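From the sequence below, what's the structure:
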Amino acid sequence: MAKDIRDIMKESASQAPKLPEGHQARFQARLQANFSENQTLKTIHPMQFWIKIAAVAILFVAVSVFGYLQLSNKGLDDSIVDAAGAELQSNEKLVHLADISPDLERVEQYYTSGIKVALASLTITSDNKDVIDGYMQQLQVLDLEYESLNIELTQVGPSEEIITALVDNLKMRLELLMKLKTKLKELKNNTNETITSIEV
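Below you'll find the model as predicted:
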């Protein structure tokens, strides 16, 4: 009937597996052939050598071009700022929105105070410095455009197009700073979530 499992295990343990004749000798010969101390090192194909050199050269050129472009863009931004600053110094008495009417003065004060408050509330850390720098470059472009519009307002005189462009510029700068604050909150939340998930 039913056999005890212990009896079955004893019977199978006594029956050792039988290997074919010469199996151990063949296995030993293969080990000697594959792992002998006399084995020569594999030779490197000459084409592999040149491919590795070409890959390193391409990588070096790519890094050099990227670095050059980054440095030249910074120089370009600095030259734009210097040129605008020199132009502003030559036109010391610029006409602003506040000089045209009290209503426009209130609009200008509203946006400029909002911009100042938004800038003052920014806290720069090593985590968000790159994001803030990107937004500050965009803000700098808008600042330069605003100054050029003020120069045009001074030279040409008040017109509806220039006044609208000045107000729109102020509005865009404030909206840009609000987007920056939202982005910084998202970045902070993502960092906090990452830290929380690491701690758990």
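
where are the low-confidence patches of this structure?
Of all residues in the chain, those with pLDDT under 70 make up the ranges 1, 13-17, 36-45, 73-92, 192-200.

let's go with 90 and repeat that
Applying pLDDT under 90 to the chain flags the ranges 1-139, 141-144, 146-167, 170, 173-174, 176-200.

okay, now the domains of it?
For the chain, automatic domain parsing gives the domain ranges 44-90, 95-199.

Return the most buried member of those domains.
Stretch with highest mean neighbour count among the domains of the chain: domain 95-199 (a mean of 14; mean count of other C-beta atoms under 10 Å). Heads up, the C-betas are built off the backbone N, CA and C, glycines and all.

All the helices of this structure, residue numbers only.
5-14, 23-35, 46-90, 102-120, 129-156, 160-199 (DSSP state H).

now these as JSON lines including distance to residue 96?
Formatted as JSON lines, the helices of the chain follow (distance: least, C-beta to C-beta, whole Å):
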{"stretch": "helix 5-14", "distance to residue 96": "98"}
{"stretch": "helix 23-35", "distance to residue 96": "86"}
{"stretch": "helix 46-90", "distance to residue 96": "12"}
{"stretch": "helix 102-120", "distance to residue 96": "7"}
{"stretch": "helix 129-156", "distance to residue 96": "6"}
{"stretch": "helix 160-199", "distance to residue 96": "8"}
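
Alright, calling it a day.
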